[in-house]
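J.: Sequence first, then the predicted structure, then my questions.
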Amino acid sequence: MKTETNTQIEMPAVTFWSDLAQLTKMRLAISVVFSSFAGYLLAVPALDWKVLMLLLLGGYALVGASNAFNQIIESPLDAMMQRTQNRPLPTGRLSKTAAFCIASLLSLLGLYFLYLINLKTASLGGLSLLIYVVLYTPLKTKTPLAVFVGAFPGALPFMLGWVAATGQFGIEPGTLFMLQFFWQFPHFWAIGWQLDSDYKKAGFRMLPTGKRDAATAFQIVFYTLWTILISLLPYTHYTGSLKLSLQGAIVTFLAGLGLLYFALRLMQQKSNTAARSLTFASIGYITLVQLIYLFDKFLMQ
């Protein structure tokens, strides 16, 4: 009887935490927070653990809130797609009221933690949340330009880390913003290519031409080239204190060539397999470039 009672008590708790992880898209939130972490490290000569913890907690809370509000708004559409039909809201495991309370609490906590760092960091965090929920989410069913709008909040975390460290805007956080901004187009269009049929069930318009065609593939390659060029800007030393050594630039360029290879392969094959490969390559690329920047700063300069 004791074992049975423990199981009955523990299972709802396990389900709740699993649903909370899905509602906030935990893995995505962690990857976004890593961008902020990288931006912070690039800006500071030495760690301030208090600021760093506030940045990580505040960043995670706001990303989680954005994802939760997104799922509240899109829950009827999520029920139409195979990829999302088992989420907590479409299945009824979590009510919209509960999800709204969670999202609101995370929003307040996130803004509060970032405000404790400085007002500019909190303002950027709030702007990111606002654009994602109020503009990007409803635009997904109306125009492919939603990806362009969504690229703004998606690019802010890398910049956010620098601003949290310095309290200043400038060419350095601007460069970090541009890198992650342009990177999002090949990344999300590759995802959109794979899930095009599923997205269309819910009326989402994610590909630039609305089709998995040569024009979409060309734009993926075009934005990939821009991403590579921007990643090399710190080597010019025109980006303030954000600098890249020759060795760092070479490795960054090689990483870019790897990303370009998968983009060109998608343009050639126009297949879901190639799009899937590009998706994984893009995730690896942005993480690798952030690590290259960090290693270059602390080991090569």
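T.: Arrived safely.
J.: quick one, domains of this protein?
T.: When the chain is parsed with automatic domain parsing, its domains come out as 1-167, 170-301.
J.: can I get the ones you listed in a markdown table with mean pLDDT and mean neighbour count?
T.: The C-beta positions use only the backbone N, C-alpha and C, and glycine is treated the same way. Rendered in a markdown table, the data for the domains of the chain read as follows (pLDDT from 0 to 100; neighbours: other CB atoms under 10 Å):
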| stretch | mean pLDDT | mean neighbour count |
| --- | --- | --- |
| domain 1-167 | 88 | 18 |
| domain 170-301 | 94 | 19 |
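J.: immediately after the longest helix anywhere in the chain, which helix or strand?
T.: As assigned by DSSP state H, the longest helix anywhere in the chain is helix 49-78. The helix or strand immediately downstream of helix 49-78 is helix 88-91, counting by DSSP states H and E.
J.: Can you name every helix or strand that that following helix contacts?
T.: Helix 88-91 is packed against helix 2-23, helix 49-78, helix 96-117, with contacts defined by 3 or more CB pairs under 8 Å, 6 or more residues apart in numbering; DSSP states H and E.
J.: by contact count, what packs against the second one?
T.: Spelled out, that is helix 49-78. Counting by 3+ CB pairs under 8 Å, 6+ apart, helix 49-78 packs on helix 2-23, helix 26-43, helix 88-91, helix 96-117, helix 119-130, helix 137-139, helix 146-166.
J.: Output these in a markdown table, with distance to Ile283 appended to each entry.
T.: Below are those laid out as a markdown table (distance: least, CB to CB, whole Å):
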| stretch | distance to Ile283 |
| --- | --- |
| helix 2-23 | 19 |
| helix 26-43 | 8 |
| helix 88-91 | 25 |
| helix 96-117 | 24 |
| helix 119-130 | 20 |
| helix 137-139 | 22 |
| helix 146-166 | 13 |
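J.: So which of those helices is nearest Leu242?
T.: Among the helices and strands packed on helix 49-78, helix 26-43 comes nearest to Leu242, with 6.5 Å by CB to CB.
J.: one step back: for the helices and strands packed on helix 49-78, which one sits closest to Leu288?
T.: helix 26-43 (11.2 Å).
J.: which residues sit against the closest one?
T.: Applying CB atoms under 8 Å, 6 or more residues apart in numbering, the external contacts of helix 26-43 come out as 47, 51-52, 55-56, 59-60, 63-64, 67, 154, 157-162, 164-166, 172-173, 176, 180, 241-242, 283, 286-287, 290-291, 293-294, 297.
J.: same thing but at 7 Å, please
T.: Applying CB atoms under 7 Å, 6 or more residues apart in numbering, the contact partners of helix 26-43 are 52, 55-56, 59-60, 63-64, 67, 157-162, 164-166, 176, 180, 242, 290, 293-294, 297.
J.: Same check on stretch 255-267?
T.: Under the criterion CB under 7 Å, 6+ apart, residues 186, 190, 217-218, 220-221, 224-225, 228, 231, 274-275, 277-278, 281-282, 285, 288-289, 292 lie in contact with stretch 255-267.
J.: ok so, going back, could you save the helices and strands packed on helix 88-91 as a markdown table and add columns showing distance to Gln85?
T.: Converted to a markdown table, these look like this (distance: least, CB to CB, whole Å):
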| stretch | distance to Gln85 |
| --- | --- |
| helix 2-23 | 12 |
| helix 49-78 | 7 |
| helix 96-117 | 16 |
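J.: Out of these, flag the one nearest Val149.
T.: Nearest to Val149, of all the helices and strands packed on helix 88-91, is helix 49-78, at 13.2 Å by CB to CB.
J.: what's the offset of the closest one from the middle of its chain?
T.: For helix 49-78, the separation from the chain centroid amounts to 11 Å (computed by CA atoms, centre = their mean, to the nearest Å).
J.: and that helix with helix 146-166, angle?
T.: For helix 49-78 against helix 146-166, the angle by axes from the mean of the first three to the mean of the last three CA atoms, to 10 degrees is 170 degrees.
J.: From Asn70, how far off is Phe113?
T.: 21 Å (CB to CB, to the nearest Å).
J.: now Met80
T.: 15 Å.
J.: Kindly report the same for Ala255.
T.: The gap separating Ala255 from Asn70 is 30 Å, by CB to CB.
J.: likewise Ile30?
T.: Going from Ile30 to Asn70 by CB to CB gives 17 Å.
J.: before we move on, what about Leu55?
T.: Distance, Leu55 to Asn70, using CB to CB: 22 Å.
J.: Show me the contact partners of stretch 174-191.
T.: With CB under 7 Å, 6+ apart as the contact definition, stretch 174-191 has outside contacts at 35, 39, 147, 151, 154-156, 158-159, 162, 207-208, 216, 220, 223-224, 226-227, 230-231, 233-234, 239, 242, 263, 266, 275, 278-279, 282, 286.
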